[in-house]
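Engineer: using only what follows, build the 3D model:
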Amino acid sequence: MDLLAYRHADVDVLELTRAVVEASDGPVIAAGSVRDARADLRPRGAGAWGFTIGGAIFEERLPGGTTVAGQVAAVLEAAGR
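Structural biologist: Prediction:
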């Protein structure tokens, strides 16, 4: 399931993610309006199987410099990979 947790402006992303993970029979992937690498990785601690990042990298909102490769490398490092 692709959970657009970050699109919910008035709920706690971690609580929402935990509730969906607990109610789901399959893996949950967190996505939607990521603003920084640390915020994006928080749902993993709530049981999400993974996460997606798209526009934040292309808009250079993440650490890692001005290249896509640098930003992807920074996200992977933050994820412990």
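
Engineer: least confident secondary structure element in this structure?
Structural biologist: helix 37-45 (a mean of 58; mean pLDDT, DSSP states H and E).

Engineer: beyond it, next helix or strand please.
Structural biologist: strand 50-51 (DSSP states H and E).

Engineer: helices or strands up against the helix or strand encompassing Ala19?
Structural biologist: In this assignment (DSSP H and E), Ala19 forms part of helix 13-23. Applying 3 or more Cβ pairs under 8 Å, 6 or more residues apart in numbering; DSSP states H and E, we find helix 13-23 packed against strand 2-3, helix 37-45. (Glycine included, C-beta is placed from N, CA and C.)

Engineer: switch to 6 Å and redo it
Structural biologist: Of the remaining helices and strands, none touches helix 13-23 by 3 or more Cβ pairs under 6 Å, 6 or more residues apart in numbering; DSSP states H and E.

Engineer: give me the distance from that helix to the chain's centre.
Structural biologist: 13 Å (Cα atoms, centre = their mean, to the nearest Å).

Engineer: neighbouring strands - and their directions - for the next helix or strand after that helix?
Structural biologist: Of the helices and strands lying after helix 13-23 in sequence (DSSP H and E), the nearest is strand 29-30. The strands beside strand 29-30 in its sheet (DSSP bridges) come out as strand 2-3 (parallel), strand 50-51 (parallel).

Engineer: what's the closest residue to Pro27 other than its chain neighbours in contact with, if anything?
Structural biologist: Nearest residue to Pro27, sequence neighbours excluded (Cβ to Cβ, 6 or more residues apart in numbering): Trp49, at 3.6 Å. With Cβ atoms under 6 Å, 6 or more residues apart in numbering as the criterion, the residues that contact Trp49 are 27-29.

Engineer: in a markdown table, list the strands paired with strand 29-30 along with distance to Asp10 and mean neighbour count.
Structural biologist: Shown next, in a markdown table, are these (distance: least, Cβ to Cβ, whole Å; neighbours: other Cβ atoms under 10 Å):
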| stretch | distance to Asp10 | mean neighbour count |
| --- | --- | --- |
| strand 2-3 | 16 | 17 |
| strand 50-51 | 21 | 18 |
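
Engineer: tabulate the ones you listed (JSON lines), appending distance to Arg61 and mean pLDDT.
Structural biologist: Below are these laid out as JSON lines (distance: least, Cβ to Cβ, whole Å; pLDDT from 0 to 100):
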{"stretch": "strand 2-3", "distance to Arg61": "20", "mean pLDDT": "88"}
{"stretch": "strand 50-51", "distance to Arg61": "15", "mean pLDDT": "80"}
